[in-house]
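Participant: Mind looking at a prediction? Sequence and model below.
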Amino acid sequence: MKRFTPSFALPCVTNALIFLSVSAGLLMSPPGYSDSIEPPTDSLELSTVFTPNFDAFFELQAKDIPTEHLDSPQQVFDSAHDFGKDSATPIRVLIFPHLGKYNTPAKREKIIQRLAIRAIPQGRPATASVCYSSRNEVPLQEATRINLSLADFEADETPIQVNCEGPAKLIRIDPELKSYVYEGHFEVRKITPTAPAKPYLAVVNLIDFEDYLKGVVPAEMPSTWHPEALKVQAVAARSYGLHQLNAMKTARSKRFFDLDDTVQYQAFLGKSVYTATTTAAVLATQSEIITYQAQSGPKVATAFFSSDSGGHTENVSDIWPENGQEARSYCVGKKEIYPEGSVDSTWSVKKMASSLMAGLIKRGITTSGEHLKKISINPQTLPSGRTMLLDLTLSNDRKVQIPATTLSGILGLRNRWVTKVTVNAVADSLLIDGRGFGHAVGMSQSGAHAMAKYLNLDYASILKFYYTDVELTRAN
């Protein structure tokens, strides 16, 4: 059998860390899939020693760095596609495990100490495919499946590279954890956290940037949606991903991955979710990105998107007042233009009043002796009408005012646009009505689909609606 030689040069990395998983497409929450892009956070200094403070560690984003520190669109594109020089798989996507705050598209996972990578048979009729490990250059009969455990790192903690002739399935040897198929180039390493936490394995998928997008678009938007909406998603995802690669380039030498596969960046499920329609959207828009005019010249836009704006998108400055400076010129709130009734943005959910009170007590807003009587929507709203404040009446008739984000955060609501809350103290229940799903900054996925389907708008027109005063640029 001919020995497979990978066509890429692996980037040199150090032992800095961060974590996440291989799982179920942004919770597959209708009508879109995501609250996709999370609020900008200040970038943190990466340590080469990992500590189990996962939530803090997952805030290693630099979405709000000054625009003068960003490269030109062509430089950003060249950097992503030439990351390893002569590399066919230039970016490193952390695919396992998810342990931080943003663990979608999977549930919060257990760490594991063994896994397997199995080659997927290729061709028609299917013929066996082989994987090679950097610890085993001579292919064995069982090389169609490579088993790895912490024991493989006892004598040598150097990361193990696994390269397959075609796609391969990452098998997480645990009955509760699903397995997914990826383009077949991986790096597996032992993670040794601060005691008393136990060592475990982490896996990075090494993949070409455009192939990465083929695993992002169907994880972020239903593949059955309008082809122009899928193109919208492809261009937005490409722009957002490139912006993140550029923003985090100074951290690349300090950690072993570039992006992860959760909504901390963008949902990514590998080759398991490739479809003909979403791949066509990526190919049709290949190399196309959203740019805006900064003082120093054109820059790649941080193309924020969420599932459903509820009928009106928001100014980035209203949703993230302390962040998002760079996006304020083009992430501007506006009323949706799709036909009324073409998107059902309303939702209702029942929650326990005691759960809300427990969260308020934890935050020091109420005390253990108080109970909830009533919640009213404060008339002070964002320009869109989106709820900002809620007025609470407690059992002792004390009045308390809380941000709508506090309610949505404690109870895990789709977003903060709450339109009505009915309190049933006897049944310990809250019936909450609301609109939209997600932060509503930038592109609305369900809105893009409706504009393509009912208004016959092409993807360029839809993108220029959601992102003000931008251009679509096809990088060389």
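Facilitator: That came through, no problem. Numbers count the residues shown, from 1 in each chain.

Participant: Check whether T422 sits in a helix, strand or coil.
Facilitator: Assigned by DSSP: H, G, I helix; E, B strand; the rest coil, the conformation of T422 is strand.

Participant: Where do the helices of the stretch 251-400 of the chain begin and end?
Facilitator: Along the stretch 251-400 of the chain, the stretches classed as helices by DSSP state H, counting those that start in this stretch are 276-284, 316-319, 353-362.

Participant: give me the element A450 is part of.
Facilitator: A450 is part of helix 445-455 when elements are defined by DSSP states H and E.

Participant: Quickly list what D260 is bridged to.
Facilitator: With DSSP bridges applied, the residues forming beta bridges to D260 are L94.

Participant: unless I'm mixing things up, it is touching F96, no?
Facilitator: No. Look at D260 against F96 with C-beta atoms under 8 Å: they stay out of range, at 9.7 Å. For every residue, glycine as well, the C-beta is placed using N, CA and C.

Participant: Show me which of those two is the more surrounded one.
Facilitator: Neighbours per residue, other C-beta atoms under 10 Å: of D260 and F96, the larger number sits with F96, 29 against 26.

Participant: Can you list the buried residues in the helix holding A450?
Facilitator: Going by neighbour count (16 or more other C-beta atoms under 10 Å), the buried part of helix 445-455 is 445-453.

Participant: Which element is encountered next along the chain beyond it?
Facilitator: With DSSP H and E, the next secondary element past helix 445-455 is helix 459-466.

Participant: Return the most buried member of the helices of the stretch 251-400 of the chain.
Facilitator: helix 316-319 (a mean of 21; mean count of other C-beta atoms under 10 Å).

Participant: what does it contact?
Facilitator: If you take C-beta atoms under 8 Å, 6 or more residues apart in numbering as the criterion, helix 316-319 is touched by 39, 304, 324, 327-328, 331, 333, 382-383, 439-442.

Participant: Let me have the residues you listed in TSV, adding pLDDT, neighbour count and distance to L392 as columns.
Facilitator: Shown next, in TSV, are the contacts of helix 316-319 (pLDDT from 0 to 100; neighbours: other C-beta atoms under 10 Å; distance: C-beta to C-beta, whole Å):
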residue	pLDDT	neighbour count	distance to L392
P39	42	16	25
F304	95	32	31
G324	72	21	29
A327	89	26	33
R328	91	13	32
C331	95	29	31
G333	96	20	27
L382	94	18	20
P383	90	12	24
H439	93	23	24
A440	96	34	24
V441	96	28	27
G442	97	28	32
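
Participant: Please identify which two of those are farthest apart in space.
Facilitator: Pairwise distances across those peak at 19.0 Å for P39 and P383 (criterion: C-beta to C-beta).

Participant: picking up where we left off before, which of the contacts of helix 316-319 sits closest to T285?
Facilitator: G442 (17.0 Å).

Participant: so where's the longest helix in this protein?
Facilitator: helix 227-247 (DSSP state H).

Participant: Of all the residues in that helix, which ones are buried?
Facilitator: Neighbour count says helix 227-247 has 228-247 buried, by 16+ other C-beta under 10 Å.

Participant: Let me know the distance separating P321 from R328.
Facilitator: 11 Å (C-beta to C-beta, to the nearest Å).

Participant: ok so, going back, report the angle between the longest helix of the chain and helix 445-455.
Facilitator: 150 degrees (axes from the mean of the first three to the mean of the last three C-alpha atoms, to 10 degrees).

Participant: In this protein, where is pLDDT below threshold?
Facilitator: 1-89, 98-110, 126, 136-143, 250-253, 476 (pLDDT under 70).

Participant: send the alpha carbons of stretch 465-475 over as PDB?
Facilitator: Extracted C-alpha coordinates of stretch 465-475, given in PDB (Å, rounded to 0.1, in the frame of the first residue of the first chain):
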ATOM      1  CA  PHE A 465     -28.700  45.700   4.200                       C
ATOM      2  CA  TYR A 466     -27.500  44.200   7.500                       C
ATOM      3  CA  TYR A 467     -24.000  45.700   7.400                       C
ATOM      4  CA  THR A 468     -24.100  49.500   6.700                       C
ATOM      5  CA  ASP A 469     -21.600  51.100   4.300                       C
ATOM      6  CA  VAL A 470     -19.600  48.000   3.600                       C
ATOM      7  CA  GLU A 471     -18.200  46.500   0.400                       C
ATOM      8  CA  LEU A 472     -17.800  42.900  -0.700                       C
ATOM      9  CA  THR A 473     -14.300  42.200  -1.600                       C
ATOM     10  CA  ARG A 474     -12.900  39.100  -3.300                       C
ATOM     11  CA  ALA A 475      -9.400  38.600  -2.000                       C
END
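
Participant: Show me which parts of stretch 286-295 are buried, residue by residue.
Facilitator: Buried, per 16+ other C-beta under 10 Å, within stretch 286-295: 288-292, 294.

Participant: Give me the distance from that stretch to the chain's centre.
Facilitator: 21 Å (C-alpha atoms, centre = their mean, to the nearest Å).

Participant: residues in contact with the residue sitting furthest away from the middle of the chain?
Facilitator: In terms of distance from the mean C-alpha position of the chain, N396 ranks first, at 43.1 Å (C-alpha atoms, centre = their mean). Neighbouring residues of N396 by C-beta under 8 Å, 6+ apart: 369-370.

Participant: try V282
Facilitator: Per C-beta under 8 Å, 6+ apart, neighbours of V282: 210, 213-214, 217, 234, 238.

Participant: if I read this right, P159 contacts F186, doesn't it?
Facilitator: No. Judged on C-beta under 8 Å, P159 makes no contact with F186 at a distance of 9.7 Å.
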